[in-house]
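**Q** Build me a structure from this.
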Amino acid sequence: MEELSRDVQRALLRSDVDVRTVKEVTARIRKRSLEEDPKGVPVREHVLRVVHEELLNLVGEESGMRPEPQTVMLVGLQGSGKTTTAAKLARWFKRKGLSVGLVSTDTWRPGASDQLGQLADEAGVRFYGEGGDAVETARRGLEELDTEVTIIDTAGRHSLEHELIDEMVRLDNAVQPDQKLLVLDASIGKQAKSQAAAFEEAIGISGVIITKLDGTAKGGGALSAVSETGSSVAFTGTGEHLSDLERFEADGFVSRLLGMGDLGKLARRAEETLSEEEVDASKLLSGKLTLNDVYEQLEGVQSLGPLDQVLDMLPVPVELPSDVADVTEKKLEQYRVIMDSMTEYELENPRKMNASRSSRVARGSGTSREEVKELLDYHKTMQRTFKQMRGGGGRNPLKRLPFG
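**A** Okay, the predicted model is just below:
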């Protein structure tokens, strides 16, 4: 119990969860684990089940967002990705078969209305934004668009100033939106709690959207916001494209917080993006890759997105050198040219590549021995990486949590 509590605390603190929240959740885990009747379940499984349940409680109930007619108002500080999120959300509703309109009421940031207008065109939805008073713009936008779903993008500031709060309150009273979503940058950390408290006090928050989860941040600070507002996480933003918005799923999010990755998310993305012929998972995880395998599989994995993002969803912490994780299409093409100059024996047995063979391949491909060595090093790294993913586990009790 002590070992598990320390591991949970360390994992949550590394993910920027508020210290008080961490103490509270681990205290509940300890109390329930020691006091509740396991009811015939082995003690270890009982404790892990309690950890799972408490962490799911921490991220809040399932969001009330549904693909149905409604008015949504987005709020948040400047730089949180609110305007891009508005367009992503519009695209999400449109793909559910609803007519959607975007309204820009941000008259403070230069170019905000133009930016949202361009994003609306990209998403294929209607747009309204004329400048002037934010409240009047919102009212006219609702009348002019007359869409099933209307999303209102509000102004953001570097800090919660009186003018911003006053404008939000007036917009809330005039529009009376069905959903008021707070947009938070995943890297905001412990500041999330105070920000969420201010927005909650001003207008009441019905949900949270966590943006920029494609980086190293795991969004732990958003948990404090959820706790403070009594709401839930509705969506997560995982990239810059309009398609990079996903319905929040508690299991996967908790797994990421604990450094366990999100295998379910990876599997779903693979199922949507790839055919069975493009990625052979059993071959990848066998740890016995030939150079032919590396190229075939890497082409498929590339279509899932940047390799470092794919690896971030896996349960075993994997850090690739930047020159490997950020391999470009140009570099892949160079690898292909080099491999075209190899014999079938060499492609199937890269360990047999000695200095003489490397020199011959370099001459045949118009490259250098150093570049041939780079390909061979890349192969070794990929083989070692996927072998590590297959092994997993270790002594960390968190690796045994019953997620997925």
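**Q** All the helices of the stretch 151-300 of the chain, in order from the start?
**A** For the stretch 151-300 of the chain, the helices defined by DSSP state H, counting those that start in this stretch cover 162-175, 192-203, 221-229, 250-257, 263-273, 281-285, 291-302.
**Q** which stretch in those is the model least sure about?
**A** By mean pLDDT, the lowest-scoring of the helices of the stretch 151-300 of the chain turns out to be helix 263-273, with a mean of 48.
**Q** My guess is Glu36 contacts Val50. True?
**A** Yes. Between Glu36 and Val50 there is a contact at 7.2 Å, judged by C-beta atoms under 8 Å. Just so you know, the C-beta spots here come from the backbone N, C-alpha and C atoms, and that holds for glycine as well.
**Q** Show me which of those two is the more surrounded one.
**A** Val50 (21 against 12; other C-beta atoms under 10 Å).
**Q** Let me see the contact set for Ser113.
**A** The contact partners of Ser113, by C-beta atoms under 8 Å, 6 or more residues apart in numbering, come to Ser104, Asp106, Thr107, Gly129, Glu130, Gly131.
**Q** Let's verify it: helix, strand, or coil?
**A** In three-state terms, and counting by DSSP: H, G, I helix; E, B strand; the rest coil, Ser113 is helix.
**Q** Quick check: most distant residue from the centroid of the protein.
**A** In the chain, the residue that sits farthest from the middle, by C-alpha atoms, centre = their mean, is Ser356; the gap is 46.1 Å.
**Q** Quick one: neighbours of Gly364, just the number.
**A** With other C-beta under 10 Å as criterion, Gly364 counts 14.
**Q** Assign it to one of the three secondary structure states.
**A** Gly364 ends up helix, using three-state DSSP.
**Q** ok, now which ones touch it?
**A** Gly364 touches Ser341, counting by C-beta under 8 Å, 6+ apart.
**Q** related to what we said a few turns ago, the contacts of Ser113, buried ones only, as a PyMOL selection?
**A** This is the PyMOL syntax for the buried subset of these, where burial follows 16 or more other C-beta atoms under 10 Å:
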select buried, resi 104+106+107+129
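**Q** ok, Leu375 touching Asp340?
**A** No. Contact between Leu375 and Asp340 fails when scored by C-beta under 8 Å: they sit 11.7 Å apart.
**Q** Neighbour count for these two, which is higher?
**A** Higher neighbour count among Leu375 and Asp340: Leu375, with 26 against 11, using other C-beta under 10 Å.
**Q** and the more buried one, that's in a helix?
**A** Yes. Under three-state DSSP, Leu375 sits within a helix.
**Q** residue contacts, it?
**A** Leu375 neighbours (C-beta under 8 Å, 6+ apart): Leu291, Tyr335, Ile338, Met339.
**Q** okay, now the last one: neighbour count?
**A** Met339 is surrounded by 20 other residues when neighbours are defined as other C-beta under 10 Å.
**Q** does it sit in a helix or strand, and which one?
**A** Assigned by DSSP states H and E, Met339 belongs to helix 329-340.
**Q** Looking at that helix now, give me its mean pLDDT.
**A** Averaged over helix 329-340, pLDDT sits at 80.
**Q** Name the residues of that helix that come out as buried.
**A** Buried residues in helix 329-340 (16+ other C-beta under 10 Å): Lys331, Gln334, Tyr335, Ile338, Met339.
**Q** nearest residue to the fourth one other than its sequence neighbours?
**A** Pointing back at Ile338 there. Excluding the flanking residues, the one nearest Ile338 by C-beta to C-beta, 6 or more residues apart in numbering is Ser365, at 4.7 Å.
**Q** where does that neighbour land on pLDDT?
**A** 91.
**Q** Isn't it up against Arg336?
**A** No. In terms of C-beta under 8 Å, Ser365 does not count as a neighbour of Arg336; the distance is 9.5 Å.
**Q** Now do the phi/psi pair for Ser99.
**A** phi -80, psi 130 (degrees, to the nearest 10).
**Q** what's the neighbour count on it?
**A** Residues contacting Ser99 under the criterion other C-beta under 10 Å number 15.
**Q** Quick one, grab the pLDDT at the residue lying closest to Pro38 once chain neighbours are set aside.
**A** Sequence neighbours aside, His46 is the residue nearest to Pro38 in space, at 3.9 Å (criterion: C-beta to C-beta, 6+ apart). pLDDT, His46: 78.
**Q** In which helix or strand does His46 reside?
**A** helix 43-58.
**Q** mind listing what the helix or strand following that helix pairs with, with the direction of each?
**A** As assigned by DSSP H and E, the chain's next helix or strand after helix 43-58 is strand 70-75. Strand 70-75 pairs in its sheet with strand 149-153 (parallel), strand 179-185 (parallel), by DSSP bridges.
**Q** neighbouring contacts of the last one?
**A** Spelled out, it's strand 179-185. Against strand 179-185 from outside (C-beta under 8 Å, 6+ apart): 64-65, 70-76, 79-82, 85, 172, 192, 195-196, 199, 203-212, 217, 219, 221-222, 225, 229, 231, 234.
**Q** The first one now?
**A** Residues from elsewhere that reach strand 149-153, judged by C-beta under 8 Å, 6+ apart: 69-74, 82-83, 86, 89-90, 93, 98-106, 112, 116, 138, 141-142, 171, 175, 177.
**Q** which of those residues are buried?
**A** Buried members of the contacts of strand 149-153, scored by 16+ other C-beta under 10 Å, are 70-74, 82-83, 86, 89-90, 93, 98, 100-106, 112, 116, 138, 141-142, 171, 175, 177.
**Q** Run through the neighbouring helices and strands of the helix holding Met339.
**A** helix 291-302, helix 355-365, helix 369-391 (3 or more C-beta pairs under 8 Å, 6 or more residues apart in numbering; DSSP states H and E).
**Q** For the very next helix or strand once past that helix, the averaged confidence score.
**A** Of the helices and strands lying after helix 329-340 in sequence (DSSP H and E), the nearest is helix 344-348. What helix 344-348 shows for mean pLDDT is 88.
**Q** list the buried ones in helix 344-348?
**A** For helix 344-348, using 16+ other C-beta under 10 Å, the buried residues are Glu346, Leu347.
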